[in-house]
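Student: I need the structure of the sequence given here:
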Amino acid sequence: MPDGLLLSGGDAKNVGRSLDSRASSLGKDSEGTKKAGFSGGLILIDEKMEALEVLHSEMILKMNSLDAKQVEMDAKLEALDARLEALDAVTKLEALDARLEALDAVTKDVKLDAERLRADRDELILPLLFKMGSEFNEFYEDPQNSLDPQNSLIDRVKYLEGRQTNRDEVDRNVLANDVSKTHFDKFISRIKSLELKDHHQPEHVKCLGYDFYGIQDCKLFLQTKMAFDPSLPFIGHDMVSLLNAIPIEGKKSDVKSVLSRDRTALRGGFHNLMMANIYASMQQALPAPLAGRGIHPLPRIKTFEKWDMEDGERGVRNEICWRVNHEVDQVLEMMETQLASHPDAKLLFTELTISAKHHWLSVAAFLSNQRDLCMQQGEDAKESWLFPCEVIRGLFRELHSVRSVGSIRSPLKELTIDHAARMMWAILRSYKLMNKFVAKHILGHPKLSAYYTNHLFRHRLTKKSLESLEKQVAEIQRELSDWRTGRNKRADTSDDEGGGIRSFRRGSY
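Tutor: Residues are numbered from 1 along each chain as shown. Okay, the predicted model is just below:
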């Protein structure tokens, strides 16, 4: 122990206690300091976490903003691409214009060359050749000199003129074929229709200067002359569709029934009842006003009295003719308004509809006139009426064979241009065939000969029936002869018994 630090025992204890208390206080202070430092660190970590969350949310907002900007940039890029395409198209058009201008310049140069050569020929070369005729004639007459200067020059000028003509034709063709994609599609459609004409569809229908060779031509007509849409009001009538469109006697015509028919047409994909009636007429051979139940060729007019009462008013004939006239008037008025902007289509459909009316009048006249002729020859009312009915039923069957193409329909929920073209082609074929029937007075057309020949065969008098009739007639004649012989014998016996008075009376008979 150093000097000067000697303590007594009590003092030493006191010093030791003070040192212990100091050490314990220092220990407590250090523990408090540790606890305070840990809690402060936690608070600092929480603050940093909150700051990180704020930064994270800000980053998300920035990312969303960047995505929106990206979408906007994509839209701008698409707009730029479209603009570049438009510029490319404009550039191509400018290039085409420049090429056409170059062709025009070349054409002008060729024209100038040709004119210059013709002028040189007329003013310089030809007179010179004529002046030097004697010398050149010897050259021309020599067979070994096959080249004629004058003719060579003339041929060259002709060649240049022909080349110019060819260039003019090429330029006209280029200008004529400088069309849009729509016109090009129509051109391709026309080529396809011509291919069908040459290879697959030999039938040809001509109406008002328009040539139709098949369904593709009808489709092209609807596209170019009508700008087809599903609400197309009309595609023309033939005789069968016209008859099918008129109301039938006894059929309900109240508001409920009419609206029910309209709803049925809409459910079938048709925008008007007229097109629905045309489609329905393709499904059966006989039109509704003549159809019915029974084995008679025309079930609704089984007798001539039902057909025509011959008083000018009553009868199915007069009723149908009146309704046909009314229907045609309605159709023509409709076309005047709804097809006013399509004059070519209106003219074609008007021709078809009016022809359909005249075709029906020809058929009606045939029924009446042929019945009267048969009555004059046979005086059998039933047979006289049955024969023309058989012929007209055959006529409707032949029409159905060419119209059945219009009965094919797909899809069923809407009217498409393909279906409208098929129905139009069926009507055109029916129009052509009816023109032929009327031109041959119906009975003279070879297609109908099978029907009346079959009718005559089924109602012929067979050899067996004739022999049976001959036997019956011979039997009746024999019985009649026997009866006359017996009567005469009885008369002679009575005369002998009655004397002269009976003889006088018999002689007076």
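Student: May I have the secondary structure class of the closest residue to residue 417 other than its chain neighbours?
Tutor: Distances taken as Cβ to Cβ, 6 or more residues apart in numbering place residue 228 nearest to residue 417, at 4.7 Å, with adjacent residues excluded. Just so you know, the C-beta spots here come from the backbone N, C-alpha and C atoms, and that holds for glycine as well. In terms of secondary structure, residue 228 is coil; the call rests on DSSP: H, G, I helix; E, B strand; the rest coil.
Student: What does the pLDDT read for residue 228?
Tutor: Listed pLDDT for residue 228 reads 74.
Student: Please apply the same query to residue 276.
Tutor: 84.
Student: Over to residue 10?
Tutor: 57.
Student: same for the strand or helix carrying residue 394, what does it pack against?
Tutor: Element membership for residue 394 (DSSP states H and E) is helix 381-403. Judged by 3 or more Cβ pairs under 8 Å, 6 or more residues apart in numbering; DSSP states H and E, the packing partners of helix 381-403 are helix 239-245, helix 304-307, helix 343-378, helix 417-439, helix 446-458.
Student: Just the CA trace of that helix, in PDB.
Tutor: Output of helix 381-403 as PDB, limited to C-alpha atoms (Å, rounded to 0.1, in the frame of the first residue of the first chain):
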ATOM      1  CA  ALA A 381    -118.500 -32.300-119.400                       C
ATOM      2  CA  LYS A 382    -116.300 -34.300-117.000                       C
ATOM      3  CA  GLU A 383    -113.800 -35.400-119.600                       C
ATOM      4  CA  SER A 384    -113.700 -32.000-121.300                       C
ATOM      5  CA  TRP A 385    -112.700 -30.300-118.100                       C
ATOM      6  CA  LEU A 386    -110.300 -33.000-116.900                       C
ATOM      7  CA  PHE A 387    -108.100 -32.900-119.900                       C
ATOM      8  CA  PRO A 388    -107.000 -29.200-119.700                       C
ATOM      9  CA  CYS A 389    -106.600 -29.600-115.900                       C
ATOM     10  CA  GLU A 390    -104.100 -32.400-116.500                       C
ATOM     11  CA  VAL A 391    -102.100 -30.300-118.900                       C
ATOM     12  CA  ILE A 392    -101.900 -27.300-116.500                       C
ATOM     13  CA  ARG A 393    -100.900 -29.500-113.600                       C
ATOM     14  CA  GLY A 394     -98.100 -30.800-115.800                       C
ATOM     15  CA  LEU A 395     -97.200 -27.200-116.600                       C
ATOM     16  CA  PHE A 396     -96.900 -26.400-112.900                       C
ATOM     17  CA  ARG A 397     -94.800 -29.500-112.300                       C
ATOM     18  CA  GLU A 398     -92.300 -28.400-115.000                       C
ATOM     19  CA  LEU A 399     -92.100 -25.000-113.500                       C
ATOM     20  CA  HIS A 400     -91.400 -26.500-110.100                       C
ATOM     21  CA  SER A 401     -88.500 -28.500-111.500                       C
ATOM     22  CA  VAL A 402     -86.800 -25.300-112.500                       C
ATOM     23  CA  ARG A 403     -87.800 -23.300-109.400                       C
END
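Student: now residue 317, nearest residue through space, not along the chain?
Tutor: residue 308 (4.7 Å).
Student: all strands for the chain, in order.
Tutor: 205-207, 210-212 (DSSP state E).
Student: Out of those strands, which is closest to residue 218?
Tutor: strand 210-212 (6.2 Å; Cβ to Cβ).
Student: Looking at the closest one now, give me its mean pLDDT.
Tutor: 91.
Student: Could you list the buried residues of stretch 443-460?
Tutor: Across stretch 443-460, burial judged by 16 or more other Cβ atoms under 10 Å covers 443, 445, 448, 451, 452, 455.
Student: now swap in stretch 430-439 and tell me
Tutor: 430, 431, 432, 433, 434, 437, 438.
Student: Can I get that stretch in CSV, CA atoms only?
Tutor: Output in CSV follows, covering the C-alpha atoms of stretch 430-439 (Å, rounded to 0.1, in the frame of the first residue of the first chain):
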residue,chain,number,x,y,z
SER,A,430,-89.5,-19.9,-114.6
TYR,A,431,-89.9,-16.7,-116.6
LYS,A,432,-88.0,-18.2,-119.5
LEU,A,433,-89.9,-21.5,-119.5
MET,A,434,-93.3,-19.8,-119.3
ASN,A,435,-92.4,-17.6,-122.3
LYS,A,436,-91.7,-20.8,-124.2
PHE,A,437,-95.0,-22.4,-123.1
VAL,A,438,-97.0,-19.3,-124.1
ALA,A,439,-95.2,-19.0,-127.4
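Student: Just give the number of residues close to residue 491.
Tutor: Residues within reach of residue 491, counting by other Cβ atoms under 10 Å, total 12.
Student: next one: residue 75
Tutor: Neighbours of residue 75 (other Cβ under 10 Å): 10.
Student: State the pLDDT value of it.
Tutor: Looking at residue 75, the pLDDT reads 85.
Student: you'd agree residue 223 is up against residue 420?
Tutor: No. Residue 223 is beyond contact range of residue 420, at 10.5 Å (criterion: Cβ atoms under 8 Å).
Student: which of the two has more neighbours?
Tutor: residue 420 (22 against 16).
Student: ok, residue 218 touching residue 212?
Tutor: Yes. With contacts counted by Cβ under 8 Å, residue 218 reaches residue 212, the gap being 6.2 Å.
Student: Now the common contact residues for those two.
Tutor: The contact sets of residue 218 and residue 212 overlap at 425, 428 (Cβ atoms under 8 Å, 6 or more residues apart in numbering).
Student: hmm, back to that, is it possible to get TSV of the buried residues of stretch 430-439 that adds distance to residue 464 and pLDDT?
Tutor: Below are those laid out as TSV (distance: Cβ to Cβ, whole Å; pLDDT from 0 to 100):
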residue	distance to residue 464	pLDDT
430	43	95
431	46	96
432	45	95
433	40	96
434	41	96
437	37	96
438	40	96
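Student: Out of these, the closest to residue 481 would be?
Tutor: Among these, and counting by Cβ to Cβ, the member closest to residue 481 is residue 437, at 54.2 Å.
Student: quick one: the closest one and residue 448 touch, right?
Tutor: Yes. Assessed by Cβ under 8 Å, residue 437 is found in contact with residue 448 at 7.3 Å.
Student: what is in contact with the two at once?
Tutor: In terms of Cβ under 8 Å, 6+ apart, residue 437 and residue 448 are both contacted by the residues residue 395.
Student: quick one: contacts for residue 242?
Tutor: Per Cβ under 8 Å, 6+ apart, neighbours of residue 242: 324, 327, 328, 353, 356, 357, 360.
Student: What confidence value was assigned to the first one?
Tutor: I take that to be residue 324. The model's pLDDT for residue 324 equals 94.
Student: how close does it sit to residue 248?
Tutor: According to Cβ to Cβ, to the nearest Å, residue 324 and residue 248 sit 13 Å apart.
Student: Can you pick out the residue with more neighbours from these two?
Tutor: Using other Cβ under 10 Å, the more surrounded residue of residue 324 and residue 248 is residue 324, with 22 against 17.
Student: quick one: contacts for the more buried one?
Tutor: 242, 243, 246, 357, 360.
Student: and the gap between it and residue 390?
Tutor: 23 Å.
Student: Then residue 218?
Tutor: 33 Å.
Student: of those two, who's got more company?
Tutor: The neighbour count for residue 218 versus residue 390, taken as other Cβ under 10 Å, is higher for residue 218 (26 against 21).
Student: So residue 317 is in contact with residue 309, correct?
Tutor: No. Applying Cβ under 8 Å as the test, residue 317 and residue 309 come out as separate, 9.0 Å apart.
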